[in-house]
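Visitor: Take a look and give me a structure for this.
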Amino acid sequence: MSQRTKGILREMGLAPLWRLRGAEEVEVEVEAPAVSVAIAPLPIEAVPTPARPVETRSALREALAPLAPVLEAAAPRREFSTDLANLGWEELEERIRACDACGLCKRRKQAVPGVGDRQADWLFVGEGPGAEEDERGEPFVGQAGRLLDNMLGTIDLKRGEDVYIANAVKCRPPNNRTPETAELAACFPYLSRQIELIKPRLIVALGRPAAQALLNQEIKIGAVRGKLFSHASIPVVVTYHPAYLLRNMADKAKAWEDLCFARNTMRGLRNGE
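Guide: Numbers count the residues shown, from 1 in each chain. Model prediction:
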């Protein structure tokens, strides 16, 4: 700044002047009434931003994985399956319909508790609801249900008459996939309470997931057919699921043999054998 400019500013009452390090002109402290002075802005150099790694979704999930148990424990969650021992039918079915104990609740239209004679000698346990069951809230109402009704008829049984039908899981698995182990475990207390209320003489497990839930062990249908197992001191017979039989017609004869074995077992139970 020239001496002449300094003199002009001093006569206008603008003093003292402060010099900013590295800059030619600065805004000044005003002792007299404020006067607007236009000052050209200083050039600003762009500051480079340090490079940061871009986190993909998979990398983020891996980073958060160790925190999953903590986050799950902190999230509010209702526990439905820990206090069922004293529940009657109405309360139990209300719990089932409101259950959120596993992820299957997120996509269901409605839970499917079961249907039939609540004092039946026969309990048939399937895998889980399908699309039509999810719509109607009743197990075995699609093609597999019609086949099951025919299977019952071959041993002189009828849906709803001395027969109760339930599933190992009460909500439909996505795309009718096989229920996962954690889903079977989360839902099993409901089935267990149903068994306690019904007090059936005989349980027929329809398919591998139902058999594994009842017997609490890994099984292969071909290896356990024609054998008698037990759940809570109740005999259990294992056979194929009707949906499997629709895809494997040749095994219908084996299912017929299993039903005959179940009928003979029931006769023995009723005769005290």
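Visitor: can you tell me the helix or strand for Ala120?
Guide: Here Ala120 is covered by no helix or strand, with elements defined by DSSP states H and E.
Visitor: can you tell me how far it sits from Ser192?
Guide: Taking Cβ to Cβ, to the nearest Å as the measure, Ala120 falls 16 Å from Ser192. Using the backbone N, CA and C atoms, a C-beta is placed for each residue, glycine as well.
Visitor: tell me the contacts of the nearest residue to Ala232 once chain neighbours are set aside?
Guide: Of all residues not flanking Ala232 in the chain, Ile195 sits nearest, at 6.3 Å (Cβ to Cβ, 6 or more residues apart in numbering). Listed by Cβ atoms under 8 Å, 6 or more residues apart in numbering, the contact set of Ile195 reads 123, 203, 231-232, 234.
Visitor: so Val204 bridges to which residues?
Guide: As for beta bridges, Val204 partners with Phe124, Val237 under DSSP bridges.
Visitor: Quick check, it in contact with Ala120.
Guide: No - at 11.4 Å, Val204 does not count as touching Ala120 under the criterion of Cβ atoms under 8 Å.
Visitor: Arg107: what's it in contact with?
Guide: 171-172, 174 are the contacts of Arg107 under Cβ under 8 Å, 6+ apart.
Visitor: Check the gap between it and Pro174 for me.
Guide: Separation of Arg107 from Pro174 (Cβ to Cβ): 6 Å.
Visitor: sorry, back to before: tell me the buried residues within the contacts of Ile195.
Guide: 123, 203, 231, 234 (16 or more other Cβ atoms under 10 Å).
Visitor: Pull up the gap between the first one and Leu197, please.
Guide: From Leu123 across to Leu197, the span is 11 Å (Cβ to Cβ).
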